[in-house]
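[1] Provided below for reference: sequence and predicted model.
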Amino acid sequence: MKKSSKIIVGAAVVVAGLAITYRAVNQAPDASLPANEQMTQMLNDGGCVFCHTESPSLPFYSSFPVAKSLIAKHVEEGYKSFDIAPMMEAIAQGKAVNEVDLAKVEKCILDGTMPLHSYAMVHWGSSLTSAKTDRALGWIKLHREQFYPNLLAAEEFRNEPIRPIPDAVPVDENKVQLGKELYHDTRLSGDGTVSCASCHAIETAGVDNHQYSDGINGLLGGINAPTSYNAVFNFVQFWDGRAATLADQAAGPPLNPVEMGSASFDEIAQRIAQDSEFTQRFCAVYPEGLNEKTITDAIAEYEKTLITPNSPFDRYLKGDQQALTAEQIEGYALFKDYKCATCHAGVNMGGLSYELMGQRANYFQDRELNAKSGLTDSDNGRWAQTGVERDRYRFKTPTLRNVALTWPYYHDGSVATLEEAIRMMAEYQVGRQMPEAEVQKVKSFLDAQTGQYQGQTLTNANPR
C-alpha cells in the first residue's frame, strides 16, 4: 500500500474513532430519570455553571497560559449576562424558575449559541445534540405548563414567553374605593400639593411624560416615573427593587423629601382624620384606623385594578388572527429574534428581573460623551440596595405594556421616542444594529401593546 493511501486510511480510522467517542460521551440523560434531573444534568454537561455563576469550579486547565485569559473572559461575560444559580436552585427544590431565566435558556437553545464552540471543542459531552435539544425544550414547555399555565392563550401560543393580561385580579372592592381616593389625595404630601396621581396620572397612562417628576416645592426627582398600570404584575417595585410589594412602594413617596415631603405617616393620618366623613368610611373597612399600614394597603388594593387587558396583541394570543396586522406579526418575530422577549417576558412583558443597562456596549459612557449627563446616584440601579458590584447599573426591566403612551424612555428618561429606544436597545443590549425597516416593524408591534382600562382603550391626554 502506498504511503499516501496509508495516511488516508489512518486518518479515516482516527475520524471514525473520534466520532464513536463523541457519540459515546455526548449522550442525552437517561430517559428514566425525573425531568428535573435530566435538565440539571444537561445544564451541567453543557458547562453552564462554569461561566454563569459567581464562583465557578473551573477545570484544571483554566490556569494554563493559553487558556487562562480566554476562560477568564468567558466567565466574566457569562456571569455578567446571566446568573444561572437561582435557576439551578429552583430546579433542585422543585420550585418555579423565573420566566426570564426560562426564556433566556430557551433562546440560547433555539439559536444554538450555547455552549460556546470553543468550550464544546474541548468538552465533547457539552454539545447540544438533537436529542438533548428536544429534551431541554420539552422540559421548558412542561415547566411553563406547571408553573405558568397560559390558559388564556390559544393552543398554538400556550408556550410563548409572553402571556395575555387577565381581565381582572382578585380585590376587596371596599378597599379599592378608599385606595382610589387616597391615590388622588394631595393630603399625603407635606404642603398639600402632590398626590400619587401627580406623577402617575390615570388619564396619562400612569406616568407624567416628564423626564423627572415634579415634587414638593418645585423640586425634581432623579429618576423617570414608571407607569402604575399593570404594576401588580411586577416582581418588585421601583427601578432598584427596593419595595417588595405595591404597599411597600406606596409608603415611599409620601415620606420622600423631594417627592411628597411629609414628615411621617402619623402626620398624614392626622391630616386625613380631619375629614370625618372619609375617616368614618375608612374605619368601617379598617377598624384599626388610619396608619401607614392601612393607608398603603388601601392604595395597593386600588393599584391592583390598574390593569389593561385586551390589547391587540393579547387578543392575537387568545386566537384572534385578525387582531394584528402583518407588519405587527413580523414585528413580534423580530422582537423575539433580537432577544427582546427574553427580558420582556411574562404577563407584563417585563418587571420580572434586574438587567444590566449596557450589556453589549457602555451606555453610560456614551451618554456622557453625547453631553447628555454624567452619572448620578440613580444610575447605580440595584447596587444602591445590595452593595454588590455586579448589581451596579442593573435595573428592574420596565413593562412594555402601553409603552407607546409612556414616553420618555429608560430609567433616566433620556430617550424621547419609541423608535430611538428600540434602536438603542438592539445596540446596547444585544450588540446588533437594527435596520430602519425592522425598527418600524418592532415599533408597530409595540403599538399593539396598548390595552383597555375599564373596557376602554387606554389613551394619553398629554400632547405628544
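    That came through, no problem.
[2] mind listing the strands for this protein?
    Here the chain has its strands, by DSSP state E, at 354-356, 394-396, 452-453, 456-457.
[3] and the gap between Ile162 and Glu99?
    9 Å (C-beta to C-beta, to the nearest Å). (Each C-beta comes from the backbone N, C-alpha and C, glycine too.)
[4] what does Ile165 give?
    From Ile165 to Glu99 the distance is 14 Å (C-beta to C-beta).
[5] Make JSON lines from the strands of the chain and add mean pLDDT, mean neighbour count and distance to Phe313 to it.
    Shown next, in JSON lines, are the strands of the chain (pLDDT from 0 to 100; neighbours: other C-beta atoms under 10 Å; distance: least, C-beta to C-beta, whole Å):
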{"stretch": "strand 354-356", "mean pLDDT": "98", "mean neighbour count": "22", "distance to Phe313": "22"}
{"stretch": "strand 394-396", "mean pLDDT": "98", "mean neighbour count": "23", "distance to Phe313": "22"}
{"stretch": "strand 452-453", "mean pLDDT": "98", "mean neighbour count": "18", "distance to Phe313": "12"}
{"stretch": "strand 456-457", "mean pLDDT": "98", "mean neighbour count": "10", "distance to Phe313": "13"}
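[6] Pipe those strands into JSON lines and attach distance to Gly192 per row.
    What follows is those, written out as JSON lines (distance: least, C-beta to C-beta, whole Å):
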{"stretch": "strand 354-356", "distance to Gly192": "36"}
{"stretch": "strand 394-396", "distance to Gly192": "31"}
{"stretch": "strand 452-453", "distance to Gly192": "28"}
{"stretch": "strand 456-457", "distance to Gly192": "31"}
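[7] so which of those comes closest to Asn310?
    strand 452-453 (4.6 Å; C-beta to C-beta).
[8] So what are the sheet partners of the closest one and their directions?
    Sheet pairing here is set by DSSP bridges, and for strand 452-453 it gives strand 456-457 (antiparallel).
[9] Can you tell me what sits against the strand it pairs with?
    Identification of contacts with strand 456-457 by C-beta atoms under 8 Å, 6 or more residues apart in numbering yields Thr450, Gly451.
[10] repeat for stretch 249-259
    188-189, 194, 196, 199, 213, 215-216, 219-222, 231, 237-238, 242-243, 260, 262-265, 268, 292, 295-296, 299-300, 303.
[11] So for it, what gets flagged as buried?
    Neighbour counts over stretch 249-259 (16 or more other C-beta atoms under 10 Å) mark Gln249, Ala250, Ala251, Pro253, Pro254, Leu255, Val258, Glu259 as buried.
[12] Would you map the helices across the stretch 1-150 of the chain?
    Taking DSSP state H, counting those that start in this stretch as the test, the helices found in the stretch 1-150 of the chain are 3-25, 35-45, 48-51, 65-81, 85-93, 99-111, 117-122, 130-147.
[13] Could you identify which of these has the lowest mean pLDDT?
    Here the lowest mean pLDDT among these goes to helix 3-25, at a mean of 46.
[14] Now do the helices in the stretch 301-450 of the chain.
    312-317, 326-337, 340-343, 363-369, 383-386, 418-425, 436-447.
[15] how about CSV for these, with mean neighbour count, distance to Tyr286 and mean pLDDT added?
    Formatted as CSV, the helices of the stretch 301-450 of the chain follow (neighbours: other C-beta atoms under 10 Å; distance: least, C-beta to C-beta, whole Å; pLDDT from 0 to 100):
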stretch, mean neighbour count, distance to Tyr286, mean pLDDT
helix 312-317, 23, 35, 98
helix 326-337, 18, 44, 98
helix 340-343, 23, 38, 98
helix 363-369, 15, 44, 92
helix 383-386, 16, 30, 98
helix 418-425, 20, 41, 98
helix 436-447, 20, 40, 98
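[16] Tabulate these (CSV), appending distance to Lys132.
    Formatted as CSV, those follow (distance: least, C-beta to C-beta, whole Å):
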stretch, distance to Lys132
helix 312-317, 29
helix 326-337, 22
helix 340-343, 20
helix 363-369, 36
helix 383-386, 35
helix 418-425, 31
helix 436-447, 32
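[17] So for Ala103, which of these sits nearest?
    Going by C-beta to C-beta, the one of the helices of the stretch 301-450 of the chain nearest Ala103 is helix 340-343, 4.4 Å.
[18] Point out the other helices and strands that that closest one packs with.
    Counting by 3 or more C-beta pairs under 8 Å, 6 or more residues apart in numbering; DSSP states H and E, the packing neighbours recorded for helix 340-343 are helix 99-111.
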